[in-house]
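Enquirer: What follows is a predicted protein model with its sequence.
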Amino acid sequence: MIKFLQTFTVVCFMAFTAFAQEPTSAAKGITYGEKINAKNLIPVSQLSTKMGNSEILNTKISGTVTDVCTAKGCWMKLDNGDGTKTMVTFKDYAFFMPKDIIGKKVALDGVSKKVITSVDEQKHYLEDAGKSKEEIAKITQPKNEIKYEAKGVLVL
């Protein structure tokens, strides 16, 4: 019985530590998720043009982080340079971003997708970002946008 409890405790500990943990700092050169490099990047501002009529595009992008989920870093947004932002999520919810990543330039490797984001999902992201009830209430229409699912993020 003692051997069983010891084994059970070790297995539980391993399972607990296997889940993505919230990182604490976004220092230059740190990679989150899969290891990537900064070669062959396109600026996030060119993503829409690069996609053209495609619904999905595997590509590497770069951009500056403007927002991050304040709950645990489970998403971030990149500045498109024209007053809009690109939503970034992380493949299989396998890693998170530190909250101090805002303002940092990053390289990402993953998949961009044209999607329609529901009103409920938009409101959820605003709640995660700590926005006011008034700002959240302004969301009344679904939004056509490009979202990016990163398998790896490198702080530049």
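Expert: Looks like it arrived, so ask away. Residues are numbered from 1 along each chain as shown.
Enquirer: Every contact and neighbour count from this point should use C-alpha atoms.
Expert: Noted.
Enquirer: which residue ranges form the helices in this protein?
Expert: Here the chain has its helices, by DSSP state H, at 2-18, 47-51, 119-128, 133-137.
Enquirer: where's G110 relative to G73, distance?
Expert: 18 Å (CA to CA, to the nearest Å).
Enquirer: Which of the helices of the chain has the lowest mean pLDDT?
Expert: The minimum mean pLDDT among the helices of the chain belongs to helix 2-18 (a mean of 43).
Enquirer: where in this structure is pLDDT low?
Expert: Along the chain, the parts satisfying pLDDT under 70 run over 1-24.
Enquirer: In contact with G63, which residues?
Expert: Each residue near G63 by CA atoms under 8 Å, 6 or more residues apart in numbering is listed here: 43-45, 78-80, 105-107.
Enquirer: now do G152
Expert: Contact partners of G152, counting by CA under 8 Å, 6+ apart, are 31-36, 90, 108-110.
Enquirer: again, only using 6 Å
Expert: Neighbour list for G152: 32-34, 108-109 [criterion: CA atoms under 6 Å, 6 or more residues apart in numbering].
Enquirer: between those, which is closest to T84?
Expert: Nearest to T84 among the contacts of G152: L108, at 18.2 Å, using CA to CA.
Enquirer: between G110 and G73, who's got more neighbours?
Expert: Neighbours were counted for G110 and for G73 using other CA atoms under 10 Å; G73 has more, 24 against 19.
Enquirer: ok, now which ones touch that one?
Expert: By CA under 6 Å, 6+ apart, the contact list for G73 reads 96-98.
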